[in-house]
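J.: Sequence and predicted model, in that order:
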Amino acid sequence: MKSTISQGVDLKGANLKGADLRKFSFRNANFQGADLRGANFQGADLLWANFSKAKLQKTQFQKAKLSFANFQEAHVQGAYFQEADLRFVNLRGVDLKKMNFQGADLRGVVLHKSKLQDSQLQKSSVQMNELQFARLNRTNFQKASLSSANLYGAHLRQANLKGAQLDSANLQRAQLQEANLTAANLENANLKEAQLQKTNLYGANLQRAQLQKTNLKGANLQKADLTGANLEGTQIDDTTRFSKASYDKYTILPFSKKIAKRKKMIKRVYQFRQLIIDRRLRKTKTEK
């Protein structure tokens, strides 16, 4: 049974180091400047709580409800946030290096200028987030949901984005050197002027992606879907791989169609007749 604490309780500057507060309710509580190092808030209700300037090293927040909480200027090194509800939490400028957010709900979180290097965000949800200029080098976003996220100018060198959902994301001027974007969904993404040197885009979905003036030297685009993508002014070299990458008449390539054939790219042709046949077959199966 969940323990209950009065809403809006003022614990400013309190010493709760190592306290067992699992499943407690601290809605609207004020923990400003409190010492909560090593405290256990697993499964706790902490909606709208204020943790600004609090000491939260190695504090446990697994599966806690933290929507709209304020962590500005908090010290969170080594804290655990696996599967926590962090929707619309304020983490602006907080040092989040080597943190574990695996499976957490980070939709709407304010991470502007936050440092997330080497953090774990596998299978987390980060849609519609403001991550401009965030430091995310070597961060693990494998299979994370980053649809429509604003990653303008973000530092994502050597980040693991394998299988990540980045459709309609803003990655303009992002630093993605040596990042792993294998099988990532980048449909309609904005990658203008992004740095993608030696980036692995094998099998990535880049349909209608904006890649103008990106640097793709040494990048691997084998089997990538470039239908409708715009690669005008893109920088490539002899080490950029396009083998079996697909394109169509709407794709703007940085080289001629003849060179595309030499690079063993696959041109897709829209076949309206085949589409009608497929629909008729599906209709026949349904009637049976």
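T.: That came in fine, so what should we check first? Residues are numbered from 1 along each chain as shown.
J.: Sticking with the closest residue to K198 other than its chain neighbours, tell me its helix or strand.
T.: By the measure of C-beta to C-beta, 6 or more residues apart in numbering, the closest residue to K198 outside its immediate chain neighbours is G218, 4.1 Å from it. In short, each C-beta sits where N, CA and C put it, glycine included. Here G218 is covered by no helix or strand, with elements defined by DSSP states H and E.
J.: And for G218, the neighbour number?
T.: Each residue near G218 was counted by other C-beta atoms under 10 Å, and the total is 17.
J.: Over to K261?
T.: Neighbours around K261, by other C-beta under 10 Å: 11.
J.: can you start the count at 723 instead of 1 from here on
T.: Sounds good: first residue 723 from here, last item K983.
J.: how about it, secondary structure?
T.: Following DSSP: H, G, I helix; E, B strand; the rest coil, we place K983 in the helix state.
J.: so what pLDDT did it get?
T.: The predicted structure scores K983 at 93 on the pLDDT scale.
J.: distance of it from V831?
T.: For K983, the distance to V831 under the criterion C-beta to C-beta, to the nearest Å works out to 46 Å.
J.: E954 too?
T.: Distance from E954 to V831, counting by C-beta to C-beta: 34 Å.
J.: With T781 instead?
T.: Here the distance between T781 and V831 works out to 17 Å (C-beta to C-beta).
J.: what's the pLDDT at Y969?
T.: We have a pLDDT of 96 for Y969.
J.: burial count for it?
T.: A count of nearby residues for Y969, using other C-beta under 10 Å, gives 23.
J.: Contact partners for the residue nearest to it when sequence neighbours are not counted?
T.: Once its chain neighbours are removed from consideration, Y969 has its nearest residue in L948; the separation is 4.6 Å (C-beta to C-beta, 6+ apart). Listed by C-beta atoms under 8 Å, 6 or more residues apart in numbering, the contact set of L948 reads L928, Q929, A931, A967, S968, Y969, T973, L975.
J.: Quick check: strands, which of the residues you listed are part of them?
T.: Assignment to strands by DSSP state E places the following of these there: S968, Y969.
J.: Check the contacts of L948 and tell me the two furthest apart.
T.: When the contacts of L948 are compared pair by pair using C-beta to C-beta, the farthest-apart members prove to be Q929 and L975, with a separation of 14.4 Å.
J.: ok, and what's touching stretch 829-840?
T.: With C-beta under 8 Å, 6+ apart, stretch 829-840 has contacts from 808-821, 847-861.
J.: three-state assignment of E805?
T.: The three-state assignment at E805 reads coil, by three-state DSSP.
J.: Just want to check the distance between it and A826.
T.: Using C-beta to C-beta, which is the criterion applied here, E805 is 6 Å from A826.
J.: between these two, who's got more neighbours?
T.: Neighbours were tallied for E805 and for A826 using other C-beta under 10 Å; the higher tally belongs to A826 (30 against 18).
J.: mind checking pLDDT for that one?
T.: Per-residue confidence at A826 stands at 92 (pLDDT).
J.: cool, and D1000?
T.: Listed pLDDT for D1000 reads 58.
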